[in-house]
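A.B. asks: Below is the sequence, then the predicted model.
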Amino acid sequence: MAIISTKPVKKCRGCALNLGKRCAVFEHPVLKWKKKCEGFNNPVLIARYEKVQHPEGARARKVERKQRAALAHTVVHSDGVHPLGRAR
C-alpha cells in the first residue's frame, strides 16, 4: 500500500491555506482533490486559521507575556551582570 503524502498538490496553488510544505487545515490535501477541495480559498476556514494564528483575549495576552519573558532573559544589565537562565 502506498503512503499518502501530506504535501499540498499542484492544484493547491493560489490557496491561502497552502503553507508550502503542508496545508493549514487538512492532513492529506491530495485526498481532498478527488473532487474540488472544499477548503480551496474558503473564507470560513481562512478566518478560523487566522484566529488560531492570531488569538484574541486571554490567550493572546498569555502568548505576549511569554514572548516578553523570553526577550527579558536576553538583556544584559547595565552593570555587566548576565541574566540568570538561558542566554549568556
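C.D. replies: Perfect, I can see it now. Computed from a predicted structure; not experimentally measured. Numbers count the residues shown, from 1 in each chain.

A.B. asks: mean confidence for the helix or strand where Arg61 lies?
C.D. replies: Per DSSP states H and E, Arg61 falls inside helix 58-72. In this model, helix 58-72 has a mean pLDDT of 86.

A.B. asks: how far does the helix or strand bottoming out on mean pLDDT in the chain sit from the chain's center?
C.D. replies: When each helix and strand of the chain is scored by mean pLDDT, DSSP states H and E, helix 58-72 comes last, with a mean of 86. Put simply, helix 58-72 sits 16 Å off its chain's centre (Cα atoms, centre = their mean, to the nearest Å).

A.B. asks: For the protein, which segments count as helices?
C.D. replies: Secondary structure of the chain (DSSP state H): helices at 29-32, 43-53, 58-72.

A.B. asks: Include distance to Arg13 and mean neighbour count when you put these into a markdown table, please.
C.D. replies: All C-beta atoms are positioned from the backbone trio N, CA, C, and that covers glycine. A markdown table is the format used below for those (distance: least, Cβ to Cβ, whole Å; neighbours: other Cβ atoms under 10 Å):
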| stretch | distance to Arg13 | mean neighbour count |
| --- | --- | --- |
| helix 29-32 | 11 | 18 |
| helix 43-53 | 16 | 12 |
| helix 58-72 | 31 | 10 |
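
A.B. asks: Look up how far Val63 lies from the residue nearest in space to the middle of the chain.
C.D. replies: Geometric centre of the chain, nearest residue: Gln53, 5.8 Å, by Cα atoms, centre = their mean. Distance of Gln53 to Val63, computed by Cβ to Cβ, to the nearest Å: 11 Å.
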